[in-house]
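> Predicted model and sequence below, questions to follow.
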Amino acid sequence: MTDCIFCKIAAGELPSTKVYEDDEILGFRDLYPVAPVHVLFIPKKHFANLGEATAGNQALLGKMLLVIGREAAGLGLTEGYRIVSNCGESAGQSVGHFHLHVMGGVDMMWPPG
Ligand code: AMP
């Protein structure tokens, strides 16, 4: 997608701090982290969110989770982490290219209390 910032990051047209890359998936640090470790994993091929994912994305979605599980320790997430995907504007999705937030490095007990 020509006007998608994450497509541009995936294509190397915009800078990012990469933490993982293969032919289908890119992991990079969130520009505005909300946790000591806050990384985004995206498919290089554009789809907006889970609501737009198709059966053709099934293997890729599974692979993204397995990649995160494999890479987490190397990102310093040895004490656990949280994976979030905001689906749609009312859920807080601000970038319309599917992404998984991976956050940790701090006590993230939830619900609080
Ligand atoms: P969401 O609000 O769930 O769509 O998440 C989008 C995330 O992308 C936010 O956490 C932003 O901080 C992050 N973000 C936006 N632009 C960039 C960028 N150029 N590089 C890295 N992260 C970004």
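Thanks, I have it.
> Every contact and neighbour count from this point should use C-alpha atoms.
Fine.
> Packing partners of the longest helix along the chain?
Ranked by residue count under DSSP state H, the longest helix found in the chain is helix 58-71. The contact analysis (3 or more C-alpha pairs under 8 Å, 6 or more residues apart in numbering; DSSP states H and E) places helix 58-71 against strand 37-43.
> partners of the strand it packs on, with directions?
With DSSP bridges as the test, strand 37-43 is paired with strand 25-29 (antiparallel), strand 100-104 (antiparallel).
> Might you calculate how far it sits from the centre of the chain?
3 Å (C-alpha atoms, centre = their mean, to the nearest Å).
> again with stretch 4-20
On C-alpha atoms, centre = their mean, the centre of stretch 4-20 falls 12 Å from that of its chain.
> quick revisit: which one of the strands paired with strand 37-43 is the most hemmed in?
Compared across these, strand 100-104 shows the largest average neighbour count, a mean of 22 (mean count of other C-alpha atoms under 10 Å).
> and the direction of it versus that of helix 58-71, what angle?
20 degrees (axes from the mean of the first three to the mean of the last three C-alpha atoms, to 10 degrees).
> hmm, who's touching strand 100-104?
34-42, 68, 77, 79-85 (C-alpha atoms under 8 Å, 6 or more residues apart in numbering).
> before we move on, what about stretch 2-9?
If you take C-alpha under 8 Å, 6+ apart as the criterion, stretch 2-9 is touched by Met1, Leu14, Pro15, Ser16, Ile42, Lys44, Lys45, His46, Val95, Gly96, His97.
> still on that earlier bit, buried by neighbour count, from the contacts of strand 100-104: which ones?
Ala35, Val37, His38, Val39, Leu40, Phe41, Ile42, Ile68, Leu77, Tyr81, Ser85 (16 or more other C-alpha atoms under 10 Å).
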